[in-house]
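K.L.:
the following comprises the amino acid sequence and a computationally predicted model.
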Amino acid sequence: MKFYFALWYAKILGWVINRVSKDRGTNLPGEKALKIDPSFVKNFKNLDYGNVIFITGTNGKSTTTNLIAHILKENGKKIISNIEGANLLGGIATILAKESTFTGKLKADYFVFETDERYLPLIYAQLPAENMLITNLQKDQVQRNGDPDFIYRKLASFINKGMTLFLNNEEPRSKSFECMDDHSVYYGVQKHQESFIKGTDYPTLACPECHHDIQFDYYNTDNVGPFHCGSCGNASEKNPDYEITDINFNEKTFRLRDVVFDMPYDLPFMFYNYAGALAISQELCGISPVEAAKSFKNFKNIGGRFEELKFKEKTIKYTRIKQENPDTLQSALNVIAFDPQEKMVAFGLNVVEDFTPYYTNTFYAYDCDFKPLVDSKVERYLCFSEHASYDTANRLLYEGVSREAITIMDSDDITKIFEIIDEVKSNNIYLITKLATFENMKKFIEGGKSNG
Amino acid sequence: MDKILKIGWLFPNTLNLHGDRGNILAMKAEGNRRGYRVEVYQITLDSQNFNPMDYDFLFCAPGEMVHFPEIIRFLTLYKKALIAFIENRPLLVTGTSIGLFADKIARSDGYIIPGLNILKIKCTENNAVYGDDLFFDCHYNGKEMSIIGSQIQMMNLEILEETPFGYLKYGYGNTGSTKQEGVINGKGIFTNTLGPLLVCNPWLTEEILNLIDLNKGISNWQIKRDNTLEEQSLKTKVDFIKNKKTALTNTTMGE
């Protein structure tokens, strides 16, 4: 009976919130339902765990989930998914409550859930999915997670022989889960024109098998690429089950098993999302690459990390990074470095404000290789933010940028940022900062103050 | 004849968490400024015939504890040499890797990792991670200085018979309940300050280089480094610390 009260309460609360704002209410109804019935998620009916898929990992969860959901829908499958991104137990409880009947019955071909890696053991305890895709396990949110092994142990605590894992073939930590499951499906990406190498003074990581050094042949995206351990022989598969090949940046296409796909976004870190989504589609849902290819023509990613603003004659290309996450910063730097045009680069690395205590950590910038950026045509650098601008500037100085090429502004004053952008010759402006600052800049422009 | 500065970077791939290579960049830059040809050697688990005394400076970054048993197995062969090294030469150990030098590390799941037993400290892995700014005063090579940085604390470090490296003005430090920060043993610095410590605090880098100069019989470098940028950085971060919300009660700078 507790379950029904919780379900009805969640449904009513969800309906009310939805009337107020369509963008809200992805967590709250589920959280409240779980207060009433702590086993709420466990009690839904018609849930075949063999058709439940978790998408987890440090980076790329949302895009992969969105793409799988899109491919499945375009191919006539009925799915239930948390594509709005509420990826904790409360978010999953909310979507299940919303999609179920008043008696808790669910009807769907597949259940595709983005899941927060830290809280996955709690989610699994109520929803023992038999399928899981791991995007990658990287340094991220160190204030919360400490180190990647902290998350590794969380996942290892519930992965079992009854599961099928879809593993990133070229990310050593993710691939090492292969020994814990019943069946591993590997997905990967062939070398492409934006693959890169880093200097030998950039550390790699320890082999998950023997603790000696992992060596990468090259990187397709930061810390992901064909690898091997010289000590124990642990290595990426030469021929992963699903490999994206023939990536063509000019024509915006790639191939999988001789099928040509339109490439909706030519961003290297997304290639692994494409490969993983195609592996799930074929292997679990029986959608062939030919059938899946049609859905790539109209895929729009929700909540992407790139946006453009127009300011006078200038185009401001914004890249959202996850602070404390060197891989997203490296990806952003690489995108800028591959632009052959002259440019200005504005860095607004900031205080980390995930939860109390806020702190001034920018040390992840030292894991990133700035050299390709510095070697590309940069007219001027702007380092802004009240408490991290000097450290950001110092990172550039250690990469050989002259002090004269850097403007330091120890504030987040939007007007001043635009003044400095206005002063440079280049109309090609790149911006890396937190979302709140970017949103303020957007409002500034939309408010008409940019005509000044 | 070239002045050569040899840096030994201990297990850079196995112990690699928080942008720690910034410390190598800082040592190289300051060494170059003083006219040294700086050579950086990466010591790995596959290195043969490691001899600490071949180096002027050793650096050991923090790492995941899961790799510690292999590291300790390797370093145990060189325990006496490491003890001799820190009598006069600078060693910098940061974060969790301080535990390598303890008698043992007690992991949160009850597993015990036997350590090198060079430091008389007790290391216990915490169940939760604590991340925050860190600000303290310390002495090194006879100079008093303030250090600013970040801390991601995964273990408590209780001093049994050692001297703290510094005393906190703000931060969690060794246990979150005292003002002790890190340990100093001989010329070895063991600190919870992570990431580019020597970039953000060039005054410490200068003292490490002064010590290296002294060990080599070279008179101290007289041309002062321009630390304006780092001083401005320190000031703005201290201003931030003074005004931020914190639950720490061992230090008084925060609210």
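P.N.:
Structure's in. What do you need? Numbers count the residues shown, from 1 in each chain, chains lettered A, B, ... in the order given.

K.L.:
and residue B:153, what helix or strand is that in?
P.N.:
strand B:143-159 (DSSP states H and E).

K.L.:
could you give the angle of the helix or strand just after that strand to strand B:143-159?
P.N.:
Going down the chain from strand B:143-159, the next helix or strand is strand B:166-170, by DSSP H and E. Relative orientation of strand B:166-170 versus strand B:143-159 (axes from the mean of the first three to the mean of the last three CA atoms, to 10 degrees): 90 degrees.

K.L.:
dump the residue contacts of residue B:133.
P.N.:
A:357, A:359-360, B:148-151, B:170-171, B:237, B:240-241, B:244 (CB atoms under 8 Å, 6 or more residues apart in numbering or on different chains). Glycine gets a C-beta too; all of them are placed from N, C-alpha and C.

K.L.:
now do residue A:22, the pLDDT please.
P.N.:
Per-residue pLDDT puts residue A:22 at 68.

K.L.:
which pLDDT value goes with residue A:448?
P.N.:
Reading off the model, residue A:448 has pLDDT 66.

K.L.:
near chain B, which residues of the stretch 351-452 of chain A show up?
P.N.:
Applying CB under 8 Å from any CB of the partner chain, we find that the stretch 351-452 of chain A lies next to chain B at A:351-352, A:356-361, A:363-367, A:386-387, A:389-391, A:393-394, A:397-398, A:410.

K.L.:
which residue does the stretch 251-400 of chain A have closest to chain B?
P.N.:
residue A:363 (2.6 Å; CB to the nearest CB).

K.L.:
for the closest residue to residue B:38 other than its chain neighbours, the count of nearby residues, please.
P.N.:
Excluding the flanking residues, the one nearest residue B:38 by CB to CB, 6 or more residues apart in numbering or on different chains is residue B:31, at 4.1 Å. Residue B:31 has 25 neighbours, counted by other CB atoms under 10 Å in any protein chain shown.

K.L.:
let me know the pLDDT of residue B:31.
P.N.:
pLDDT for residue B:31: 97.

K.L.:
residue A:25 too?
P.N.:
As predicted, residue A:25 sits at a pLDDT of 62.

K.L.:
check residue A:324 too.
P.N.:
Looking at residue A:324, its pLDDT stands at 85.

K.L.:
ditto for residue A:320
P.N.:
Predicted confidence (pLDDT) for residue A:320: 86.

K.L.:
got it, and residue B:224?
P.N.:
Looking at residue B:224, its pLDDT is 91.

K.L.:
which SS state does it fall under?
P.N.:
Under DSSP: H, G, I helix; E, B strand; the rest coil, residue B:224 falls in the coil class.

K.L.:
before we move on, what about residue B:177?
P.N.:
Under three-state DSSP, residue B:177 falls in the coil class.

K.L.:
grab the nearest non-local neighbour of it.
P.N.:
Leaving aside its sequence neighbours, residue B:177 sits nearest to residue B:250 (CB to CB, 6+ apart; 5.5 Å).

K.L.:
so what's the residue count around the closest residue to residue A:105 other than its chain neighbours?
P.N.:
Nearest residue to residue A:105, sequence neighbours excluded (CB to CB, 6+ apart): residue A:45, at 4.7 Å. The tally of other residues near residue A:45 (other CB under 10 Å) stands at 12.

K.L.:
backbone dihedrals for residue A:45, please?
P.N.:
With angles defined as degrees, to the nearest 10, residue A:45 sits at phi -100, psi 160.

K.L.:
wait, what's in contact with it?
P.N.:
A:103-106.

K.L.:
are any of the residues you listed buried, and if so which?
P.N.:
Burial of these was assessed by neighbour count (16 or more other CB atoms under 10 Å in any protein chain shown); the buried members are residue A:104.

K.L.:
check contacts around the nearest residue in space to residue A:384 that is not next to it in sequence.
P.N.:
Setting aside the residues directly before and after it, residue A:384 is nearest to residue A:409 in space (CB to CB, 6+ apart), at 4.2 Å. Residues in contact with residue A:409 (CB under 8 Å, 6+ apart) are A:382-384, A:389, A:416-417, A:420.

K.L.:
PyMOL command for the buried members of the residues you listed?
P.N.:
Selection of the buried residues among the contacts of residue A:409 in PyMOL, burial being defined by 16+ other CB under 10 Å:
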select buried, chain A and resi 382+383+384+389+417
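
K.L.:
which of the contacts of residue A:409 fall in helices?
P.N.:
Using DSSP state H, A:389, A:416-417, A:420 are the members of those that sit in helices.

K.L.:
now, which of the residues you listed sits nearest residue B:103?
P.N.:
Distance to residue B:103, by CB to CB, is smallest for residue A:389 among the ones in helices among the contacts of residue A:409, at 43.2 Å.

K.L.:
thought the closest one was touching residue A:408?
P.N.:
Yes. Contact status for residue A:389 versus residue A:408: in contact at 5.2 Å, counting by CB atoms under 8 Å.

K.L.:
overlap in contacts, these two.
P.N.:
residue A:383.

K.L.:
where does the residue in the stretch 101-250 of chain B that chain A sits nearest to land on pLDDT?
P.N.:
Across the stretch 101-250 of chain B, no residue is closer to chain A than residue B:195, which sits at 2.6 Å (CB to the nearest CB). pLDDT for residue B:195: 89.

K.L.:
count of neighbours near the nearest residue to it once chain neighbours are set aside?
P.N.:
Spatial nearest neighbour of residue B:195, excluding adjacent residues (CB to CB, 6+ apart): residue A:363 at 2.6 Å. Neighbour count for residue A:363, taken as other CB under 10 Å: 26.

K.L.:
ditto for the one 10 residues further on
P.N.:
The criterion is other CB under 10 Å. On that basis, residue A:373 has 24 neighbouring residues.

K.L.:
flag every buried residue along the strand or helix carrying it.
P.N.:
Assigned by DSSP H and E, residue A:373 belongs to helix A:371-375. Using 16+ other CB under 10 Å as the test for burial, helix A:371-375 gives A:373-374.

K.L.:
out of the contacts of residue A:45, which one sits closest to residue B:14?
P.N.:
residue A:106 (46.1 Å).

K.L.:
against residue B:70, how distant is the closest one?
P.N.:
Residue A:106 sits at a distance of 47 Å from residue B:70 (criterion: CB to CB, to the nearest Å).

K.L.:
do the same with residue B:14
P.N.:
In this view, residue B:14 and residue B:70 are 8 Å apart by CB to CB.

K.L.:
in chain B, which helix has the most residues?
P.N.:
Ranked by residue count under DSSP H, the longest helix found in chain B is helix B:228-243.

K.L.:
that one - contacts with which helices or strands?
P.N.:
helix A:389-397, strand B:121-140, strand B:143-159, helix B:197-200 (3 or more CB pairs under 8 Å, 6 or more residues apart in numbering or on different chains; DSSP states H and E).

K.L.:
what's the mean pLDDT across that helix?
P.N.:
What helix B:228-243 shows for mean pLDDT is 97.

K.L.:
and the contacts of it?
P.N.:
Residues from elsewhere that reach helix B:228-243 (CB under 8 Å, 6+ apart): A:351, A:358, A:360, A:386-387, A:389-391, A:393-394, A:397, A:410, B:133, B:135, B:146, B:148, B:170, B:199-203, B:253-255.

K.L.:
so residue A:390 sits against residue A:397, correct?
P.N.:
No. Using CB under 8 Å as the test, residue A:390 is too far from residue A:397 to be in contact (10.2 Å).

K.L.:
out of those two, which sits in the more crowded spot?
P.N.:
The neighbour comparison of residue A:390 against residue A:397 (other CB under 10 Å) goes to residue A:390, with 24 against 16.

K.L.:
separation between the more buried one and residue A:360?
P.N.:
Computed as CB to CB, the residue A:390 to residue A:360 distance reads 10 Å.

K.L.:
tell me the domain ranges of chain A?
P.N.:
Following automatic domain parsing, chain A resolves into domains at A:2-298, A:306-451.

K.L.:
out of the contacts of helix B:228-243, which are buried?
P.N.:
For the contacts of helix B:228-243, buried by 16+ other CB under 10 Å: A:351, A:358, A:360, A:386-387, A:389-391, A:393-394, A:397, A:410, B:133, B:135, B:148, B:170, B:199-203, B:253-254.
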